[in-house]
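> Structure, please.
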Amino acid sequence: MAIEVMIEDDRWEAAGLAALAEAVEVATLSHLGLAPEICEGSILACDDARIKLLNADFREKDKATNVLSWPAEERAAPGARPPLPEPDFDGAIELGDIAISYDTCAREALEAGKPLPDHVTHLIVHGLLHLLGYDHISDVDAEIMEGTEVEILATMGLEDPY
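Model (predicted):
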């Protein structure tokens, strides 16, 4: 798998995150026209305490969140779908890193009445799209990103989360 999953919180192991992340990676990247096997990145599977520290360090927000992402390079194209990244000199595409918190994901899934794997699938798609330059800061960009998420989730048999 091109996306390495680093599990800090054992609840993610029990939830089958590694297999889920691989399925999401393949569905997302294939849908966008990228070869999953040449894309590289990582997912840190952590808890609220860890993601709160990361959120404070990188976003100056002193609270836990569900998912954070750090793109390897800036790929944004405001008002449009970002261009697909090109492989570098060794044929790889470095995507970047994602962190996901079990506590927040489990709470949100419970509150929404959704199975945890469905909610986590959506959040990994969301994180991967951020790594590829998608964003939701403006209404136009949010429409593009959310529409792309819905398309990808549909290929995985999941309903529109919005």
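
> Please count neighbours and contacts with C-alpha atoms only from this point.
Will do.

> what separates the most centrally placed residue in the chain from Phe89, distance-wise?
By C-alpha atoms, centre = their mean, the chain has its centre lying nearest to Gly127, at 2.1 Å. To Phe89, Gly127 is 25 Å away according to C-alpha to C-alpha, to the nearest Å.

> ranges for the helices of this structure?
Along the chain, counting by DSSP state H, helices occupy 10-14, 17-32, 48-59, 102-112, 116-131, 139-155.

> Out of the ones you listed, which one sits most buried?
helix 116-131 (a mean of 22; mean count of other C-alpha atoms under 10 Å).

> Alpha carbons of that one, as PDB, please.
Taking C-alpha atoms only, helix 116-131 is exported to PDB below (Å, rounded to 0.1, in the frame of the first residue of the first chain):
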ATOM      1  CA  LEU A 116     -18.000   4.200  12.200                       C
ATOM      2  CA  PRO A 117     -16.400   2.700   9.000                       C
ATOM      3  CA  ASP A 118     -18.700   4.800   6.800                       C
ATOM      4  CA  HIS A 119     -17.800   8.000   8.700                       C
ATOM      5  CA  VAL A 120     -14.100   7.200   8.700                       C
ATOM      6  CA  THR A 121     -14.200   6.400   4.900                       C
ATOM      7  CA  HIS A 122     -15.700   9.900   4.300                       C
ATOM      8  CA  LEU A 123     -13.000  11.500   6.500                       C
ATOM      9  CA  ILE A 124     -10.100   9.700   4.700                       C
ATOM     10  CA  VAL A 125     -11.500  10.700   1.300                       C
ATOM     11  CA  HIS A 126     -11.800  14.300   2.700                       C
ATOM     12  CA  GLY A 127      -8.200  14.200   3.900                       C
ATOM     13  CA  LEU A 128      -6.900  12.800   0.700                       C
ATOM     14  CA  LEU A 129      -8.600  15.500  -1.300                       C
ATOM     15  CA  HIS A 130      -7.000  18.100   0.900                       C
ATOM     16  CA  LEU A 131      -3.600  16.500   0.000                       C
END
